[in-house]
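A.B. asks: turn this into a structure:
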Amino acid sequence: MKNLAAPLALALLAGAAAASDLTLRTIVLTGTPAPGMPTLAFDFVSDPRLAAGGQVAFFADVAGPGVTDANNGTLWSDRTGPLALVLREGDATLISPTTYYYAIPYPNFTDTLRFGVTASTEDSDLPPIPHQPIRLGIFSEFAAPPGFAPIARDGDTLPNFPPPGTGFSGIVPAPMTDTGLRAFTSNAGGVLWSGDDSGVAPVAVSGDPAPGTPGQRYGALFEPALAPSGTLVYAGTLLDPLPATTPVGTAIWQRTMPGPLTLVVRTGGNASGVAGLYKELGAHPAVVSHPPAASVVAFWGRMESGKVTEADDTAIWIGTQFTTTPPRIREGSAAPGAGPGVFFDELSGTFSVAYETSGLGTSIAFRGSLRGSGVSDLNNSGIWLSRQGSFTMIAREGDQAPRLPAGTVFASFSDPVLTERGQVVFLARLRGGGTTDQTGDVLFATELARPAINAPAGRAVPVVRTGDAFPVSGMETRIVHHLSFDSQPKGTGYSATDTSGSFLFKLVFKDPIVPPPPPPTYPFRFTEGLFQATVRCLADLNADGVLNLADFGAFQTAYALGDLREADSNGDGALTLSDFGSFQSSFALGCP
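C.D. replies: So this is what the prediction gives:
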């Protein structure tokens with residue numbers, strides 16, 4: 001017997017207002033006044049950060065009277081209420097009254113609402129380091145602000161490090177955990193450090209014995225990963241005993257502070273769960289906190305020997321031990337959702353892992369390439385989510401882009417970001433369906449994960465597309481010219497996602513000047529802004545927080561208006577009766 005509840009509800013509630021699948025909030029727009037800085041306005045914005053509680057932080061240039069290149073950079077946050085200035089270029093550091101912040105981009109902002117910066121500094125009363133007019137340093141905000149403690153700075157003497165007088169050089173941006181723990185490399189990858197605002201100490205030094213590799217030494221050390229729990233994971237090359245200087249392999253090590261260093265895997269060792277040996281290891285392993293275990297490590301590797309062939313020699317492992325744990329993803333295995341006879345091609349070392357707070361464990365989202373039956377240059381890539389050992393294909397090149405006009409298909413993807421709520425957020429390039437150079441980029445996000453239920457394919461929704469008239473405030477809209485999204489895992493201070501399912505992104509707008517100015521003045525104005533989006537439950541179409549008959553009315557209204565982004569429930573790019581069934585299924589599934 002057919003279920004008539006949905007059509008009946010739609011008939012009874014015709015005319016109910018349609019609502020967006022998204023909740024949007026404007027964080028900041030260029031051209032608007034900078035709070036607490038009379039006569040100054042925001043001129044450029046970037047590097048948005050989002051804490052677990054929804055507080056935001058970002059970098060911005062300001063413009064106006066008295067602003068120069070020496071004091072235009074600023075850091076902002078709403079952590080204490082209204083948006084407020086945190087730090088400004090030209091401010092004095094705590095190093096000395098004559099040492100100033102020269103540049104402060106790419107800030108850290110943790111879930112405990114603490115800032116960190118990898119900043120350029122200038123000493124007004126000292127000669128510059130040869131060939132380096134400014135000095136890069138790592139600073140951490142004290143647990144009880146205000147004030148930023150200098151952690152390390154190029155040219156400063158290395159603490160507890162022989163020979164005496166050796167100085168920091170080549171410092172790279174450092175992740176920062178909620179407790180203020182930092183980890184970073186310096187001196188051309190020669191030293192790996194960790195510590196907090198009370199001081200840092202070397203974890204590994206090039207040339208020293210490499211733990212777990214008898215007779216071998218550290219070579220180059222790569223940028224580390226930190227988990228919120230404080231577990232540090234890093235990769236580095238291996239050297240034979242002196243006088244050898246040529247790398248003979250790579251290894252990955254782990255340390256849960258303040259415990260000892262332990263070897264995770266190394267080239268030449270047995271590949272976990274596979275009859276073969278590790279031939280190569282990725283330089284950027286990942287680590288996440290995973291209760292009750294202290295941490296879970298993920299890494300890419302290439303294998304050789306045993307039963308390994310060139311058709312299945314790359315893989316990604318996730319686990320706490322790598323003696324018997326098989327790869328989570330392996331080249332040559334069937335690609336779920338891609339059809340019979342389609343397999344994963346060579347895997348890359350770029351992926352996103354997260355411990356899902358919904359109880360689904362450590363999951364991974366990745367961009368993969370394909371080979372096999374029917375695969376061509378027009379459909380040989382996609383994005384997958386793996387959780388609890390199962391896979392969902394989120395999107396595939398050549399497939400219809402959900403909730404966009406028929407014939408609009410995916411052309412390429414960025415690397416996806418997986419959030420702690422099980423959302424997959426990614427940028428996509430489109431083709432077909434009337435797509436132009438001005439309308440070809442889209443930011444997509446999936447619904448929040450449901451406990452013990454794999455998000456079905458097709459649940460991704462377009463957040464914003466180039467060419468859209470995007471609401472920036474009140475009734476004002478602006479035309480999207482460019483969009484960007486970037487987020488790093490929790491434990492870095494570089495996250496643009498929170499635990500409620502929200503995320504931050506940047507838009508650049510290009511709008512005509514009315515009336516157009518006379519030549520040679522350009523007839524368009526460019527502005528930009530940072531925005532927060534939340535993909536709500538897709539069945540709660542009227543966004544009132546509950547599922548009831550009013551949502552069916554909202555769906556019918558959107559369908560009648562031809563609104564693909566509201567009513568294309570099955571994501572096939574057209575509004576048909578099957579969307580009614582798809583919406584009813586979503587309604588029955590309920591909200592996360």
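A.B. asks: what about the spatially closest residue to residue 72 that is not a sequence neighbour, distance to residue 46?
C.D. replies: Nearest residue to residue 72, sequence neighbours excluded (CB to CB, 6 or more residues apart in numbering): residue 61, at 4.7 Å. Bear in mind the C-beta positions are built from the backbone N, C-alpha and C, glycine included. According to CB to CB, to the nearest Å, residue 61 and residue 46 sit 9 Å apart.
A.B. asks: where does the protein dip in pLDDT?
C.D. replies: 1-20, 125-133, 145, 292-293, 359, 389, 450-458, 592 (pLDDT under 70).
A.B. asks: and residue 580, its phi and psi?
C.D. replies: Note on residue 580: backbone dihedrals following degrees, to the nearest 10 are phi -60, psi -50.
A.B. asks: kindly apply the preceding question to residue 76 instead.
C.D. replies: According to degrees, to the nearest 10, residue 76 has phi -130, psi 160.
A.B. asks: which residues touch it?
C.D. replies: 28, 57, 58, 59, 60, 83, 84, 85, 86 (CB atoms under 8 Å, 6 or more residues apart in numbering).
A.B. asks: tell me the buried residues within those residues.
C.D. replies: By neighbour count, with 16 or more other CB atoms under 10 Å, the contacts of residue 76 hold 28, 57, 58, 59, 60, 83, 85, 86 as buried.
A.B. asks: beta-bridge partners for the fourth one, please?
C.D. replies: If I follow you right, that is residue 59. Here residue 59 sits in beta bridges with residue 46, residue 75, as judged by DSSP bridges.
A.B. asks: spatially nearest residue to the residue nearest in space to the middle of the chain (excluding sequence neighbours)?
C.D. replies: Geometric centre of the chain, nearest residue: residue 487, 2.3 Å, by CA atoms, centre = their mean. Leaving aside its chain neighbours, residue 487 sits nearest to residue 496 (3.8 Å; criterion: CB to CB, 6+ apart).
A.B. asks: one more: residue 412?
C.D. replies: Here the residue nearest residue 412, using CB to CB, 6+ apart, is residue 429, at 4.4 Å.
A.B. asks: can you tell me the strand partners of the helix or strand hosting that neighbour and which way each runs?
C.D. replies: For residue 429, the host element (DSSP states H and E) is strand 424-431. If you go by DSSP bridges, strand 424-431 pairs up with strand 409-413 (antiparallel), strand 417-418 (antiparallel), strand 441-445 (antiparallel).
A.B. asks: possible to save these as a markdown table with distance to residue 363 and mean neighbour count?
C.D. replies: Shown next, in a markdown table, are the strands paired with strand 424-431 (distance: least, CB to CB, whole Å; neighbours: other CB atoms under 10 Å):
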| stretch | distance to residue 363 | mean neighbour count |
| --- | --- | --- |
| strand 409-413 | 18 | 20 |
| strand 417-418 | 6 | 26 |
| strand 441-445 | 15 | 25 |
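A.B. asks: now those strands in CSV, with distance to residue 142?
C.D. replies: Putting the strands paired with strand 424-431 into CSV (distance: least, CB to CB, whole Å) gives the following:
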stretch, distance to residue 142
strand 409-413, 41
strand 417-418, 30
strand 441-445, 35
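A.B. asks: right, and residue 166 touches residue 155 too?
C.D. replies: No: when contacts are counted by CB atoms under 8 Å, residue 166 is not listed as touching residue 155 (10.9 Å).
A.B. asks: look at those two and report which has more neighbours.
C.D. replies: residue 155 (18 against 13; other CB atoms under 10 Å).
A.B. asks: for residue 347, which non-adjacent residue is spatially closest?
C.D. replies: Closest to residue 347 by CB to CB, 6+ apart is residue 314, at 4.3 Å.
A.B. asks: now that neighbour, which residues is it bridged with?
C.D. replies: According to DSSP bridges, beta-bridge pairing links residue 314 with residue 302.
A.B. asks: so who does the residue nearest to the centre of the chain touch?
C.D. replies: 417, 425, 494, 495, 496, 497, 503, 504.
A.B. asks: between these, which is nearest residue 260?
C.D. replies: Residue 260 lies nearest to residue 494 out of the contacts of residue 487, by CB to CB, at 27.8 Å.
A.B. asks: check contacts around the closest one.
C.D. replies: Counted by CB under 8 Å, 6+ apart, residue 494 has contacts 49, 106, 108, 175, 487, 488.
A.B. asks: of these - the most surrounded one?
C.D. replies: Going by other CB under 10 Å, residue 108 tops the contacts of residue 494 with 28 neighbours.
A.B. asks: that one reaches residue 176, doesn't it?
C.D. replies: Yes: taking contacts as CB under 8 Å, residue 108 lies within contact range of residue 176: 4.0 Å.
A.B. asks: mutual contacts of these two, please.
C.D. replies: Joint contacts of residue 108 and residue 176 (CB under 8 Å, 6+ apart) are 114, 116, 492, 493.
A.B. asks: determine which two of the residues you listed are furthest apart.
C.D. replies: Pairwise over the shared contacts of residue 108 and residue 176, using CB to CB, the maximum falls at 114 and 492, 12.9 Å.
A.B. asks: mind listing the shared neighbours of those two?
C.D. replies: Shared contacts of residue 114 and residue 492 (CB under 8 Å, 6+ apart): 108, 176.
A.B. asks: now the helices for the stretch 401-550 of the chain?
C.D. replies: All helices of the stretch 401-550 of the chain, identified by DSSP state H, counting those that start in this stretch, fall at 549-560.
A.B. asks: quick one: the residue nearest to the centre of the chain from residue 159, how far?
C.D. replies: Counting by CB to CB - residue 487 and residue 159 are separated by 32 Å.
A.B. asks: what of residue 532?
C.D. replies: 40 Å.
A.B. asks: neighbours of residue 98, how many?
C.D. replies: Around residue 98 there are 12 residues (other CB under 10 Å).
A.B. asks: cool, residue 307 as well?
C.D. replies: Applying other CB under 10 Å, we find 9 residues neighbouring residue 307.
A.B. asks: so which strand or helix has the residue lying closest to it once chain neighbours are set aside?
C.D. replies: Spatially, and ignoring its direct neighbours in sequence, residue 307 is nearest to residue 275 (4.3 Å; CB to CB, 6+ apart). Residue 275 is part of no helix or strand when elements are defined by DSSP H and E.
A.B. asks: ok, residue 275 - contacts?
C.D. replies: 306, 307, 308.
A.B. asks: out of the residues you listed, who's nearest residue 480?
C.D. replies: Ranked by distance to residue 480 (CB to CB), the contacts of residue 275 are led by residue 308 at 46.3 Å.
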